[in-house]
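**Student:** Make a model of this:
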Amino acid sequence: MEAKKKIPTLFQSLIPLFSIALFLGVGYGVFHFRIEFLLIAAAAVSGIIALRLGYTYKEMEEGIVHSISKGMPAMMVVIVVGMLIGTWMSSGAIPMMIYYGLKIISPSMYLVTACVVCSIISVVTGTSYGTAGTVGVAFIGIAQGLGIPLSHAAGAIVAGAYFGDKLSPFSDTTNLAPIAAGSNLFDHIKHMLWTTTPAWLAGLVIYYFLGRGVSGSLESEQMTTIMETIPASFRFSWVLLLPPAITLYAALSKKPTIPGMIVSSVVAMVLAVIYQDVAWVDAVDAMVHGHVSALGIPVVDTLLTKGGMLNMMDVTLIALCAFAFAGITQKAGMLDIILQHMTKYANTTGRLIAATAASSMAVAVMTGSSFLTLLIPGELFAPAFKKMGLAAKNLSRTLEDSGTVIVPIVPWSIAGVYMAGTLGVPTVEYAPFAFMCYLGVVVALIYGFTGFAIAPRINEDETVPGS
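**Tutor:** A predicted model of the protein is given here:
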């Protein structure tokens with residue numbers, strides 16, 4: 001006979017949240033322990049609580065496997081992006097983008113340019129992963145050449161990449177948020193402009209002033225070395241833009257992500273053989289181990305040695321450890337208890353917006369899943385918004401303000417480990433500079449407590465346009 005499960009108390013439910021914050025804040029931030037170990041330690045704390053609640057190890061294991069299964073598609077994309085970067089580097093596509101980017105971009109305007117370009121690409125394609133894994137990697141290379149702090153550069157890239165992930169009608173999260181809240185897609189997008197635009201513009205202003213301090217980097221000896229070595233080591237041609245064009249076409253035409261990336265990688269591999277005289281065995285090896293630059297010039301070799309599926313295994317391992325933590329906390333009902341307590345205090349518009357935002361961020365921290373930050377609080381708070389006479393698009397907007405764009409600055413989330421692995425900058429280092437990702441929450445809270453840009457409910461069926 002199955003043992004009766006106890007319902008966790010709020011104190012018990014908060015222990016895993018506090019433990020992961022403590023372990024990562026002190027263990028990683030102060031002692032620099034491996035993040036995988038710290039996530040497993042937090043999962044162990046959750047497991048002990050789950051045992052006291054009557055859950056068996058087998059049941060916790062089922063929760064972990066279920067959590068992993070939901071994140072597996074994203075993990076597969078992470079691995080294939082490693083293949084993409086390695087082959088694009090070997091073909092000369094990324095070195096060419098870095099070279100011309102260094103020639104065109106002013107150091108003082110680098111951060112603004114990186115954020116704007118990534119924003120445009122992500123709006124057009126609807127994918128933050130694809131944006132960071134392609135033009136994002138090129139911009140990181142440009143930052144290295146210009147002497148821009150990589151934490152600043154990665155923050156601008158991530159902010160730009162998630163601008164489109166949040167607003168593009170092609171983005172999965174942009175489509176999922178109105179479904180979770182019961183609003184209309186295009187009403188949802190227009191309503192988000194009220195919070196996203198000020199946060200994005202504020203970020204650009206900050207990037208402009210941050211960039212003013214690096215105006216002299218263009219004439220550095222390092223810059224000269226890079227500009228002389230790259231064109232001498234790679235043959236440039238417009239044909240090298242074919243792999244990026246394939247990826248862009250696949251995104252715009254809503255083709256499956258992974259097949260499109262694989263086709264782009266294969267084309268890049270062929271171009272590496274034809275244009276860069278790379279041996280077939282080395283071109284294939286770039287898919288697995290990444291491109292290894294051996295020019296004997298440290299600054300250039302560091303810049304160009306990137307990619308490979310194996311180099312994404314660290315990212316995948318962090319994700320698996322995070323799923324262990326998320327799977328146990330969800331299986332034992334600890335997340336549900338936290339969210340239920342938040343709803344008790346949502347008796348005004350401002351408190352309701354704040355409770356929704358806090359819930360989305362709690363789900364982001366405890367699960368690391370973009371989708372769950374939309375689905376769980378969306379289902380939980382939809383009746384409350386309706387009861388207060390507030391349009392569902394207020395809910396869907398808040399879910400994106402505090403969920404979609406918060407996930408990439410959570411170090412153990414799929415998005416966080418992906419961005420860190422792809423750009424080569426730890427999440428905790430770039431997070432403070434991804435301004436749009438957290439300023440949107442601030443704007444949403446201000447609107448909630450002032451009543452500005454809060455839409456009343458006017459239609460019973462809010463899935464129709466004009467609600």
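
**Student:** Next up, identify which helix or strand Ala283 is on.
**Tutor:** Ala283 is part of helix 280-289 when elements are defined by DSSP states H and E.

**Student:** Report the distance from that helix to the chain centre.
**Tutor:** 28 Å (Cα atoms, centre = their mean, to the nearest Å).

**Student:** packing partners for that helix?
**Tutor:** If contacts are counted by 3 or more Cβ pairs under 8 Å, 6 or more residues apart in numbering; DSSP states H and E, helix 280-289 sits against helix 57-91, helix 257-275. Placement of C-beta: from N, CA and C, glycine included.

**Student:** could I have that helix exported to CSV, CA atoms only?
**Tutor:** Taking Å, rounded to 0.1, in the frame of the first residue of the first chain, the C-alpha atoms of helix 280-289 are listed here in CSV:
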residue,chain,number,x,y,z
TRP,A,280,37.8,16.4,-45.0
VAL,A,281,38.7,14.7,-41.8
ASP,A,282,39.4,18.0,-40.1
ALA,A,283,36.2,19.6,-41.4
VAL,A,284,34.2,16.7,-40.0
ASP,A,285,36.2,16.9,-36.7
ALA,A,286,35.2,20.6,-36.4
MET,A,287,31.6,19.4,-35.9
VAL,A,288,32.5,17.3,-32.9
HIS,A,289,35.5,19.0,-31.3
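
**Student:** Quick check: buried residues in it?
**Tutor:** 282-287, 289 (16 or more other Cβ atoms under 10 Å).

**Student:** okay, and for the stretch 201-350 of the chain, where does confidence drop off?
**Tutor:** Residue ranges of the stretch 201-350 of the chain with pLDDT under 70: 213-222, 254.

**Student:** give me the number of residues near the nearest residue in space to Phe371 that is not next to it in sequence?
**Tutor:** Once flanking residues are discounted, Phe371 sits nearest to Leu176: 6.3 Å by Cβ to Cβ, 6 or more residues apart in numbering. Residues near Leu176, counting by other Cβ atoms under 10 Å, number 21.

**Student:** Can you give me the distance of Leu176 to Thr398?
**Tutor:** 14 Å (Cβ to Cβ, to the nearest Å).

**Student:** returning to what we had before: hmm, Leu375 and the residue nearest to Phe371 touching each other?
**Tutor:** Yes - under the criterion of Cβ atoms under 8 Å, Leu176 makes contact with Leu375 at 7.3 Å.

**Student:** what's the most distant pair in the buried residues of helix 280-289?
**Tutor:** Ala283 and His289 (11.5 Å; Cβ to Cβ).

**Student:** still on that earlier bit, could the buried residues of helix 280-289 go into TSV alongside distance to Thr450?
**Tutor:** Output for the buried residues of helix 280-289, formatted as TSV (distance: Cβ to Cβ, whole Å):
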residue	distance to Thr450
Asp282	60
Ala283	58
Val284	59
Asp285	58
Ala286	54
Met287	53
His289	54
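
**Student:** I'd like to know which of those is nearest to Trp88.
**Tutor:** Ala286 (9.2 Å).

**Student:** In contact with the closest one, which residues?
**Tutor:** 86-87, 89-90, 269, 272, 278, 292, 307-308 (Cβ atoms under 8 Å, 6 or more residues apart in numbering).

**Student:** ok, back up a step: which of the helices and strands packed on helix 280-289 sits closest to Phe139?
**Tutor:** Nearest to Phe139 among the helices and strands packed on helix 280-289 is helix 57-91; the distance by Cβ to Cβ comes to 13.0 Å.

**Student:** for the following helix or strand past the closest one, what is the average pLDDT?
**Tutor:** Scanning forward in sequence from helix 57-91 by DSSP H and E, the next helix or strand is helix 93-104. Here helix 93-104 scores 83 as its mean pLDDT.

**Student:** CA atoms only for helix 93-104, dumped as CSV, please.
**Tutor:** C-alpha atoms of helix 93-104 as CSV (Å, rounded to 0.1, in the frame of the first residue of the first chain):
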residue,chain,number,x,y,z
ALA,A,93,32.0,32.6,-42.1
ILE,A,94,32.5,33.7,-38.6
PRO,A,95,36.1,35.0,-39.1
MET,A,96,34.8,37.0,-42.0
MET,A,97,32.0,38.5,-39.9
ILE,A,98,34.4,39.3,-37.2
TYR,A,99,36.9,41.0,-39.6
TYR,A,100,34.3,43.2,-41.3
GLY,A,101,32.6,43.9,-38.0
LEU,A,102,35.9,45.2,-36.6
LYS,A,103,36.3,47.4,-39.6
ILE,A,104,32.8,48.9,-39.4
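
**Student:** so what secondary structure elements neighbour the next helix-or-strand element following it?
**Tutor:** Beyond helix 93-104 on the C-terminal side, the first helix or strand identified by DSSP H and E is helix 110-125. Where contact means 3+ Cβ pairs under 8 Å, 6+ apart, helix 110-125 is packed against helix 128-131, helix 137-146, helix 150-167, helix 185-211, helix 242-252.

**Student:** Pipe the ones you listed into a markdown table and attach mean neighbour count and distance to Thr450 per row.
**Tutor:** Shown next, in a markdown table, are the helices and strands packed on helix 110-125 (neighbours: other Cβ atoms under 10 Å; distance: least, Cβ to Cβ, whole Å):
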| stretch | mean neighbour count | distance to Thr450 |
| --- | --- | --- |
| helix 128-131 | 28 | 30 |
| helix 137-146 | 26 | 37 |
| helix 150-167 | 29 | 22 |
| helix 185-211 | 19 | 12 |
| helix 242-252 | 19 | 38 |
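
**Student:** These: which one's closest to Leu352?
**Tutor:** helix 185-211 (15.4 Å).

**Student:** Please identify the buried residues of the helix or strand just after the closest one?
**Tutor:** Downstream of helix 185-211, the next assigned helix or strand under DSSP H and E is helix 221-233. Residues 222-223, 226-227, 229-230 are the ones in helix 221-233 that count as buried (16+ other Cβ under 10 Å).
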